[in-house]
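Colleague: Would you be able to build a 3D model of this:
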Amino acid sequence: MHLVASERIKLFSIATPWVCGLFAVVALVAPAVLTALTATESRLPPTVASTQFGYQLAMVAVLLLAGLAVTSEYQSGTIHGTFQAVPSRTPVLVAKAAVAAGYGFVIGEAGAFTAWFAARVLAPEADLALNSPADWTIVAGTGPVFALAAVCGVGAGLLVRHTAGVVALLVVYPLMAENVVTLIPRVGMAIHRWLPLNAVTKFLTGTGEANAGRDGGNATVLSDSPLGQGWALAYFGAFALLLLAAGITKVRRRDA
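Modeller: I've put the predicted structure just below:
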């Protein structure tokens, strides 16, 4: 537990986690507010899914805060002292991922429920009650997804180590790379079906029940993953753990 406490102190002693955390919450809440306020003009009534429209940008912020928590230690040199105190390295890196995951979970739950509540207050005539498992999944499921995203960010930070590189990777991949894959002739769509962020979108959105059956509109476009919702989350979790394991393996085999 002392490793977890130490990593928690290090994480929150720099500004990056606070800034990224605040940005993630705003990225979730602001679109929900705009959707609720402009529902009449857009002729698309707000849905539970539409209150979570900003989750992709918020996830980028969570990925960045986790990745930068690692690269900032390499830049400042504090990682050397850490590895001198814990020579085996693996426990401290696991603790770092656990702290980042816990923070990601809190950000996800706080942002998702705040976004849903704000939309419900601003559009009281809309049907925004959490009446079904699909409604609860797309809101409450944001926390587990962001926790696993934070583990991915830590793994990416351990693999890349450089701030500019990890920022480029963790911004470009979720916002662009998976969609670009679909442009590959013949095999693009088949590959896209199994990409990790596409899979975790399946967990959150299912078949669109929380968006009145609509695909897109004022909510996230549905995933084409062949997995069921539970398996989709497990698949993303396995990817996160694999990325973390790869990062830890690289750190153990190279000098800090």
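
Colleague: Ala115: which element?
Modeller: For Ala115, the host element (DSSP states H and E) is helix 90-122.

Colleague: Flag every buried residue along the very next helix or strand once past that helix.
Modeller: The helix or strand immediately downstream of helix 90-122 is helix 133-140, counting by DSSP H and E. By 16 or more other CB atoms under 10 Å, the buried positions in helix 133-140 come out as 134-135, 137-139. Bear in mind the C-beta positions are built from the backbone N, C-alpha and C, glycine included.

Colleague: what sits up against stretch 132-143?
Modeller: With contacts defined as CB atoms under 8 Å, 6 or more residues apart in numbering, stretch 132-143 is touched by 28, 48-49, 51-52, 55, 104-106, 108-109, 111-113, 116, 129-130, 203-206, 209-210, 229, 233.

Colleague: State the number of residues packed around Val4.
Modeller: Other residues near Val4 come to 16 when the count uses other CB atoms under 10 Å.

Colleague: wait, isn't it in contact with Ala100?
Modeller: No: using CB atoms under 8 Å, Val4 is not in contact with Ala100; the gap is 11.0 Å.

Colleague: And the pLDDT at the residue of the chain most remote from its centre?
Modeller: No residue in the chain sits farther from the centre than Gln84, which is 31.4 Å out by CA atoms, centre = their mean. Looking at Gln84, its pLDDT reads 77.

Colleague: Determine how far the helix or strand encompassing it lies from the middle of the whole chain.
Modeller: If you go by DSSP H and E, Gln84 is part of helix 78-85. Computed by CA atoms, centre = their mean, to the nearest Å, the separation of helix 78-85 from the middle of its chain amounts to 28 Å.

Colleague: Also stretch 179-194?
Modeller: That offset, for stretch 179-194, works out to 22 Å (CA atoms, centre = their mean).

Colleague: and Leu183, how many neighbours?
Modeller: For Leu183, using other CB under 10 Å, the count is 9.

Colleague: How much space separates it from Ala177?
Modeller: 11 Å (CB to CB, to the nearest Å).

Colleague: Now the common contact residues for these two.
Modeller: Between them, Leu183 and Ala177 share no contacting residue, judged by CB under 8 Å, 6+ apart.
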